[in-house]
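> I need the structure of the sequence given here:
(chains A and B)
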2 protein chains.
Amino acid sequence: MPEARRKRRSRRNREDKPTSAPVAPAYITRNIPLYEVLDEAGLEQIEANAERILEEIGIEFRDDPEALEMWKAAGAEVKGERVRFPRGLCRKLIQDSAPAQFTQCARNPERNLEVGGKHTILVPAYGSPFIRNLDEGRRYATIADFENFVKLAYQSPHIHHSGGTVCEPVDLPVNKRHFDMLYAHMRYSDKAYMGSVTAPERAQDTVDMGKILFGDDYIDPATGEPRTITTSLINANSPMTFDATMLGALKVYARNNQACIVSPFILAGAMSPVTVAGTCAQALAEALAGLAFSQLVRPGAPVIFGTFAASISMQSGAPTFGTPEPALVLYVMAALSRRLGLPFRSGGGFCGGKIPDAQSAYEAANSLLPALYAGVNFMLHTAGWLEGGLVMSYEKFVMDCDQAGMMAVFAKGVDMSENGQAMDAIADVGPGNHYLGCDHTQANFREAFYRSPLNDNNSFEQWELDGALDHVQRANTYYKKQLSEYEAPAIDPAVDEALRAYIGQRKASFPDSNIS
Amino acid sequence: MPEARRKRRSRRNREDKPTSAPVAPAYITRNIPLYEVLDEAGLEQIEANAERILEEIGIEFRDDPEALEMWKAAGAEVKGERVRFPRGLCRKLIQDSAPAQFTQCARNPERNLEVGGKHTILVPAYGSPFIRNLDEGRRYATIADFENFVKLAYQSPHIHHSGGTVCEPVDLPVNKRHFDMLYAHMRYSDKAYMGSVTAPERAQDTVDMGKILFGDDYIDPATGEPRTITTSLINANSPMTFDATMLGALKVYARNNQACIVSPFILAGAMSPVTVAGTCAQALAEALAGLAFSQLVRPGAPVIFGTFAASISMQSGAPTFGTPEPALVLYVMAALSRRLGLPFRSGGGFCGGKIPDAQSAYEAANSLLPALYAGVNFMLHTAGWLEGGLVMSYEKFVMDCDQAGMMAVFAKGVDMSENGQAMDAIADVGPGNHYLGCDHTQANFREAFYRSPLNDNNSFEQWELDGALDHVQRANTYYKKQLSEYEAPAIDPAVDEALRAYIGQRKASFPDSNIS
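Here you go, the predicted model:
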């Protein structure tokens, strides 16, 4: 950015900014109660059902003899690849050693994250092979898109984490794109990030690049152990199966004290029963087995109890989002996670809509609010999700970030301070008058209400004069302006050089492949 | 409808309908817990603040000497038009006689509504001078639009009430349009309806037409008293003022045992303090005064504690919706209403968007879900609301009805029956397989998941083949199909004739006026 322009910008910022502008916190700490939908007896019944699944049906750990040996040694019954667990074994393994809350460190320590408890961390969407924007429509994602989403997440005060595979850079070889994705998170953001899970050696690359990025800070001097600097997503293959790829990545991360989210990924009706209670029992059983396994690998390894549950359309077979049944599943699973004593991952701005229209917005809001009220700690897929996760949308990304900002305000709850109670204002104004000019309004209006950068709150006539734009058109302008104003966080040039050297050496050490 | 076509339709209906299709209940009975945001101490503080407002500042009852006399007789201090209330007086008047729950009768007794307790009644939006649809854009509403919205509400299984001024028929004289609005509700629907509040004599017309419609059923033989057949909306002029028009209508309704919603109508920042706690204290004080007044008029008159609270944009002065602050107000007011012991009205599909785009959908969902979770009993404005209430949207009406259907499913909570737990299905399917064909899925899939008539859940490719329609375009097709298939409920021709005769005589008895 030219010096003159930068100066102009910063002067304007100074003038425009409300004097008492709060610094955005690194994450949300909820000051609101939790919402639950199921009573104690119901939750106990689902826990009992999960234990029955673990004991009588069991979980398959496929293509990983080491895992089977570990389960045998822990007291489980292993037949072929099927592991059956004595009642309570998984729960005990977890509760004996897994932390209820942990810190995920970011390279900027002001952005360190407390995972668990009353904290909610909002994280971009993950895993889409396509992107969409108003100008280009829908097309395959590239590393340039990936970098753009890292930048947009870095710029949003409402997104607390840089995410993982914010989109699939399909222009890069499958077996090497993790290097470029990790580098983008490390270089274009200073927020915490997620690691690669598509092969154990890519998990190891994640760990090794993290060591370079964090340098001396990688080891916590208080414990002599590695700090937790990545959180990675380990999906179960529902129903009741873990595969070698995911288990391999989990083992690498757990052994290095890096966090894993163990998430049953469930489209109810296909990968679990069509009922809420049945889906919850199965998902709990799957999560218990995977989470307990992490504690066999390394007692005390940080883990997050995850749930991804959507319904499927019984007409088309496609997943559906924002409907009531997955919201019920989310609330039940969050309660079960609390009873187990682990941080919980779920939710996000889910939708099945193909474009960021009213369908997608209703669906996203119907997914985001329950996630907030349920007390989700790690809200993957908060922003950008479109078309059942096949598409990362530029416009929806900033639209969802705006929703994230509103969620943070709601999570603060009601200000019951004297200023919040405003009794003097009510007495000053009196019956039949208005509050627009009163001292209390003047003192508070800048911070009183959430201000959306996207919503149109003008008169109809002004909206027409402004071009009668819809929400997507405004979002299109907004995200482009954001990207045009992006400035990368500073990084030690030596660290940057070392990261590039590592990537160069590793990439040269084996041939490109698009097989997997 | 020609006989042949009717036969064809009913045969098709029989064949298409799932065999176990449930009959839509007349209203929602919630089987989910309530959500609250403020603790006991906070709620008590707001109650104390409201009592201080009532005692020290007081409420104005304007241009109604009778009301002032009644308050004097009840023990309040009256100076000019300002009424100050001894601490606890309003609360005691309400709790001594106002019913915690009451029945609003519909002319079809299967559609009678239980107002209060665990019940939620979803009601169309109210009061817009404009309509919008994709074909015509935005224009003034007419009585033909009014009739269309009555028909659409009648056809929706998710809307439980015909509403009131579903839009303003501005093609009719202001002082006579209530006749045509009431007739439309009575003739084109058999759901319960709301009455006119724009003048005491129009309230009396509402009562008198109701007597004709209900005939012998108007008086409950068990009590000898009129049944409650209308619910009407009495807004306070915030801050802290009631006017003669609203008080006059309230008196007519209360004296005839008809229900009133007493609602502070608040745009926070203009008509109340910019803070949540300040807004809640003022709104509680206003509601207490109005509700207590109804009990002075007729002890035991059915009343609903209402709240309408939006924020205003401090840039444009326009109301904003779907933001976090009004949601907090809603939750607090619902809790205060429960503590008082009255049915509660709030919520709806609010939005400030000018068209039914993503902004409007996010905002509507952010208003509807809190209303459901807060335990709102009478959810005015559930469907159709657009542009801060200035516009009734055809497309958004059916979009919001779809959301209403999802809310009803969520409100059922988790099915913990043996079938709901689905343990046999989990055992049958086993690890690594799928549930699509299993017996449990086959037996349950028709009812398992909410089926939206509007959302597109097809593949991207199919969606493109279908014309790449957005949500509004699909809603446009859907509402027109609904209207084309509308069939009016039967009515006794003598009753219809008597209603028309009453309207004709009354209309002829005074000249048209558009003054008010």
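> centre of the chain to stretch A:335-342, how far?
Stretch A:335-342 sits 18 Å away from the centroid of its parent chain (CA atoms, centre = their mean, to the nearest Å).
> and that stretch, what's buried?
A:335, A:336, A:337, A:338, A:340, A:342 (16 or more other CB atoms under 10 Å in any protein chain shown). Placement of C-beta: from N, CA and C, glycine included.
> is any residue of it near chain B?
No - if you take CB under 8 Å from any CB of the partner chain as the test, stretch A:335-342 misses chain B, and the best it gets is 10.7 Å.
> what about that stretch, average pLDDT?
The average pLDDT within stretch A:335-342 is 98.
> who does the lengthiest strand in chain A touch, helix- and strand-wise?
Identified as the longest strand of chain A according to DSSP state E is strand A:259-268. Judged by 3 or more CB pairs under 8 Å, 6 or more residues apart in numbering or on different chains; DSSP states H and E, strand A:259-268 is in contact with strand A:230-236, helix A:244-255, helix A:276-297, strand A:303-306, strand A:308-312, helix A:324-340.
> name every strand pairing with the fourth one and say which way it goes.
So that's strand A:303-306. strand A:259-268 (parallel), strand A:344-345 (parallel) (DSSP bridges).
> thinking again about what came up before, most tightly packed of the helices and strands packed on strand A:259-268?
Ranked by mean neighbour count, these are led by strand A:303-306 with a mean of 30 (mean count of other CB atoms under 10 Å in any protein chain shown).
> gap between the longest strand of chain A and the chain center?
Using CA atoms, centre = their mean, the offset of strand A:259-268 from its chain centre is 12 Å.
> okay, angle between that strand and strand A:308-312 too, please.
Computed by axes from the mean of the first three to the mean of the last three CA atoms, to 10 degrees, the angle separating strand A:259-268 from strand A:308-312 equals 10 degrees.
> so can I have JSON lines of the buried residues of stretch A:335-342 showing distance to residue A:280?
Output for these, formatted as JSON lines (distance: CB to CB, whole Å):
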{"residue": "A:335", "distance to residue A:280": "10"}
{"residue": "A:336", "distance to residue A:280": "7"}
{"residue": "A:337", "distance to residue A:280": "11"}
{"residue": "A:338", "distance to residue A:280": "14"}
{"residue": "A:340", "distance to residue A:280": "13"}
{"residue": "A:342", "distance to residue A:280": "16"}
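> just send the strands paired with strand A:303-306 back as a markdown table, with mean neighbour count and distance to residue A:499 too.
Listed next are the strands paired with strand A:303-306 as a markdown table, based on neighbours: other CB atoms under 10 Å in any protein chain shown; distance: least, CB to CB, whole Å:
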| stretch | mean neighbour count | distance to residue A:499 |
| --- | --- | --- |
| strand A:259-268 | 26 | 21 |
| strand A:344-345 | 29 | 28 |
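> can you tell me which of the ones you listed has the worst average pLDDT?
strand A:259-268 (a mean of 94).
> between it and helix A:324-340, how big is the angle?
Using the same axes, to 10 degrees: strand A:259-268 against helix A:324-340 is 150 degrees.
> which strand residues bridge residue A:305?
residue A:262, residue A:344.
> pull the contacting residues for it.
A:261, A:262, A:287, A:291, A:333, A:336, A:337, A:340, A:342, A:343, A:344, A:345 (CB atoms under 8 Å, 6 or more residues apart in numbering or on different chains).
> spatially central residue for chain A, please.
residue A:380 (2.0 Å; CA atoms, centre = their mean).
> just give the number of residues close to the residue of the stretch 351-500 of chain A at minimum distance from chain B.
Closest to chain B within the stretch 351-500 of chain A is residue A:422: 2.8 Å, counting by CB to the nearest CB. Residue A:422 has 30 neighbouring residues, counting by other CB atoms under 10 Å in any protein chain shown.
> residues touching the closest residue to it other than its chain neighbours, list them.
For residue A:422, ignoring the flanking residues on the chain, the nearest one in space by CB to CB, 6 or more residues apart in numbering or on different chains is residue B:278 at 2.8 Å. Listed by CB under 8 Å, 6+ apart, the contact set of residue B:278 reads A:420, A:421, A:422, A:423, A:425, A:426, A:440, B:272.
> and these, which of them are in helices?
Using DSSP state H, A:420, A:421, A:423, A:425, A:426, A:440 are the members of those that sit in helices.
> the fourth one against residue A:442, yeah?
No - counting by CB atoms under 8 Å, no contact exists between residue A:425 and residue A:442, whose distance comes to 10.2 Å.
> looking at these two, which is more packed in?
A count of neighbours by other CB under 10 Å puts residue A:425 above the other of residue A:425 and residue A:442, at 23 against 12.
> per-residue confidence at the nearest residue to the more buried one once chain neighbours are set aside?
Spatial nearest neighbour of residue A:425, chain neighbours left out: residue A:440 (3.5 Å); criterion: CB to CB, 6+ apart. Looking at residue A:440, its pLDDT is 96.
> got it, and residue A:313?
pLDDT, read off for residue A:313, is 87.
> and the gap between the closest residue to it other than its chain neighbours and residue A:230?
Spatial nearest neighbour of residue A:313, chain neighbours left out: residue B:457 (4.0 Å); criterion: CB to CB, 6+ apart. Noted for residue B:457: a distance of 35 Å to residue A:230, by CB to CB, to the nearest Å.
> again, but for residue A:216
Applying CB to CB, the value for residue A:216 to residue A:230 is 18 Å.
> for residue A:111, same thing?
Taking CB to CB, one finds residue A:111 at 14 Å from residue A:230.
> need the overlap of contacts for those two.
residue A:192.
> residue A:205 is in contact with residue A:199, isn't it?
No - contact between residue A:205 and residue A:199 fails when scored by CB under 8 Å: they sit 9.2 Å apart.
> of these two, give the one with the bigger neighbour count.
Shown here are residue A:205 and residue A:199; by other CB under 10 Å, residue A:205 has more neighbours (21 against 18).
> so which elements touch whichever strand or helix holds that one?
Assigned by DSSP states H and E, residue A:205 belongs to helix A:200-214. When contacts are defined as 3+ CB pairs under 8 Å, 6+ apart, helix A:200-214 sits against helix A:177-188, strand A:230-236, helix A:244-255, helix A:493-508.
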